[in-house]
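# following is a predicted model, sequence given first.
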Amino acid sequence: MREITQHAVRLLERAQTGDPAGALAAAETVLRAATGDLVDGPACMHFARVVAYIALADPRGAIAAVEPMLIAAVREGSGGWQACALASRAWQRLRLGELDATEHDLDGVLHDLVSAEMLAAGEADPVAAVNSRVAVAIGYYELRLYELVEPQFRSAYEMSAADGGSNGNRAMWLINLAEMHLRWALELYQIHRVAEAEAHTTEAERYAVQAADEVSGDDAAVWRDNALLYAACARADRHDPTGAAVDIELYTGFLRKRGFTPDALALSRPFHAVALKRSGHPEAALAVLAEAAEALPPDADWLISASTHRTRAVLMAHLGSTDADATLAYGDSLAAALWRQRLNTLHAARTMHDLAMLRMQHEQVARAADLDPLTGIANRRAFDRTIELAAAHPGPVAVLLVDTDKFKVINDTCGHAAGDEALRAIAGALSAQVEPGDLIARLGGDEFAAVLFGADPIVAAAVASRMVLAVREIPDCIATVSIGIALGSSADLSALVCRADEAMYRIKRHGGDSFHQADDPPHSQAA
């Protein structure tokens, strides 16, 4: 891992463990170090800045910080950091929409998340890859699209586990999966799908127990207690309600003493009540929920709030209250509506994902049709289409026609496999000399061409000179190249190709291994 990436990882941890303002200042110092402009800094450090704004509960700041991060990630060619940026923007848009209804943009959120998922899939760098999966998972989690969350957290876990060292993160992803299945179960209980809910608490227990076995690092004790709390919650509705009630109380006590985040404690209370009721202590269960309801803040998570009040109403009805029925009826209708909304969002996300996959596959097929399979550069089809398109956008252009010298000798003496290897090496040498916006193509056989947009005679000659030298310096290859150059307007590109071809044959007749510009005297290049 590069030093700058390690620094960014440390700042991410700092932002998430109590010092987001300090992490933000430190990230911005690093970002400005090169040129004084934030945008010129590395994408990984931009991500530390985005996360710092998120930890500061400033969604507008986080969304604004995404834009320079995207510029940096594109500049670096990093799909993973692009994915982190888009996914972070997505769930910050959701948070902003909760604060201001005019900012609600579900289509934009889903588009960002689907795009992020596609970009994350191709990332090789382990830090960017793991963070991109987690960022996408959080975005889908915010939308309660549990089916789409699990593959992302599992990928993050598998990548973390594959690093071969002690990595506390891998247990954290398992804990996240356990929590996700518990929340999924709570939603299913709200709509009376009990068997499905129990299947998810079974999964939650499996993940939680595995996490407790794998925790490591400085915070291992607190993460183990968290994992064991979730394992106990998962047993409440199934095979061990009595043991679950005891363990939930035990581990919530441990976590309170450690100053642990209240989220896990709030999630545990409906399960604690269920465990107490099922083990024969309904009054104690009701007391737990009364305390939990009293402790709910005004901005409490809706699912925790709904589960707390609904479970309390069920217990009150069990104990003979006639007032609980109206509460249950209202809660059931609201839960059903929220579930339908979730399914509609899931359908929209899957449809968008499928369309994006089809578009990506189409683009891959189109790109493959324009590539020469032997050398990997553009083929004759791409070259011809460039000529057609260039005519509609007149401007200065240089055409270089390249013919390989002594290629027949290689084929005749060393065989076609050696000839193919030589062509691949020549294509690589030629490609390295042109700018990203220019075109280099194999026209067929041992002939190549380059189109240099906006080039003047000096630039074209410099590129041709570099090409001749680069091919001459290919190890264990006797081939050289003859290059013809023609300059003019892209509107006359077809005519330029003919002139470049004539210039190429002129230098070839003078022995090759050099270049010649049309309408100039033959040029020879010293060895």
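Looks like it came in fine.

# and the closest residue to A273 other than its chain neighbours, backbone torsions?
Among residues not flanking A273 along the chain, A285 sits closest, at 4.0 Å (CB to CB, 6 or more residues apart in numbering). Heads up, the C-betas are built off the backbone N, CA and C, glycines and all. The phi/psi pair for A285 (degrees, to the nearest 10) reads phi -60, psi -40.

# verify the contact between A285 and V274 for me.
Yes. Taking contacts as CB atoms under 8 Å, A285 lies within contact range of V274: 7.4 Å.

# tell me the mean pLDDT over whichever strand or helix holds P270?
Assessed by DSSP states H and E, P270 sits inside helix 262-278. Mean pLDDT, computed over helix 262-278, is 86.

# which residues of the stretch 51-200 of the chain score low on pLDDT?
For the stretch 51-200 of the chain, residues meeting the criterion pLDDT under 70 lie at 162-169.

# so where do the helices sit in it?
59-76, 79-99, 106-121, 126-142, 146-161, 169-190, 194-214 (DSSP state H, counting those that start in this stretch).

# dump those helices into a markdown table; add distance to M467 and mean neighbour count as well.
Formatted as a markdown table, the helices of the stretch 51-200 of the chain follow (distance: least, CB to CB, whole Å; neighbours: other CB atoms under 10 Å):
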| stretch | distance to M467 | mean neighbour count |
| --- | --- | --- |
| helix 59-76 | 27 | 20 |
| helix 79-99 | 31 | 24 |
| helix 106-121 | 34 | 21 |
| helix 126-142 | 35 | 25 |
| helix 146-161 | 41 | 20 |
| helix 169-190 | 48 | 24 |
| helix 194-214 | 55 | 19 |
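
# contacts for stretch 233-249 next, please.
178, 181-182, 185, 197-198, 201-202, 204-205, 208, 228-229, 231-232, 267-268, 271-272, 274-279, 281 (CB atoms under 8 Å, 6 or more residues apart in numbering).

# stretch 417-428 now?
Identification of contacts with stretch 417-428 by CB under 8 Å, 6+ apart yields 372, 374-377, 404, 407, 410-411, 440, 442, 446, 448, 471, 474, 477, 479, 481.

# how far off centre is stretch 221-228?
Distance of stretch 221-228 from the chain centroid (CA atoms, centre = their mean, to the nearest Å) equals 29 Å.

# give me the domain ranges for this structure.
1-143, 164-330, 380-517 (automatic domain parsing).

# and the contacts of stretch 417-428, which are buried?
372, 375, 377, 404, 407, 410-411, 440, 442, 446, 448, 471, 477, 479, 481 (16 or more other CB atoms under 10 Å).

# so F453 makes contact with L487?
No. F453 is not in contact with L487 according to CB under 8 Å; the separation is 11.6 Å.

# which neighbours do these two share?
With CB under 8 Å, 6+ apart, F453 and L487 have common neighbours P396, V397.

# the more surrounded of these two?
Ranked by neighbour count (other CB atoms under 10 Å), F453 and L487 place L487 first, with 21 against 16.

# so that one is in which element?
strand 480-489.

# convert the helix or strand that that strand is followed by to PDB, retaining C-alpha atoms only.
Following strand 480-489 in sequence order, the next helix or strand is helix 493-509 (DSSP H and E). Taking C-alpha atoms only, helix 493-509 is exported to PDB below (Å, rounded to 0.1, in the frame of the first residue of the first chain):
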ATOM      1  CA  LEU A 493      -8.300  13.100 -44.500                       C
ATOM      2  CA  SER A 494      -8.800  10.500 -47.300                       C
ATOM      3  CA  ALA A 495      -6.500  12.500 -49.600                       C
ATOM      4  CA  LEU A 496      -4.000  12.800 -46.800                       C
ATOM      5  CA  VAL A 497      -3.900   9.100 -46.300                       C
ATOM      6  CA  CYS A 498      -2.900   8.700 -50.000                       C
ATOM      7  CA  ARG A 499      -0.200  11.300 -49.800                       C
ATOM      8  CA  ALA A 500       1.200   9.700 -46.600                       C
ATOM      9  CA  ASP A 501       1.200   6.400 -48.400                       C
ATOM     10  CA  GLU A 502       3.200   7.800 -51.300                       C
ATOM     11  CA  ALA A 503       5.700   9.400 -48.800                       C
ATOM     12  CA  MET A 504       6.100   6.100 -47.000                       C
ATOM     13  CA  TYR A 505       7.000   4.200 -50.200                       C
ATOM     14  CA  ARG A 506       9.400   7.000 -51.100                       C
ATOM     15  CA  ILE A 507      11.400   6.500 -47.800                       C
ATOM     16  CA  LYS A 508      11.100   2.700 -48.200                       C
ATOM     17  CA  ARG A 509      12.800   3.000 -51.600                       C
END
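
# what residues sit buried inside stretch 508-521?
So stretch 508-521, judged by 16+ other CB under 10 Å, has buried residues K508, G512, D513, S514, F515, H516, Q517, A518.
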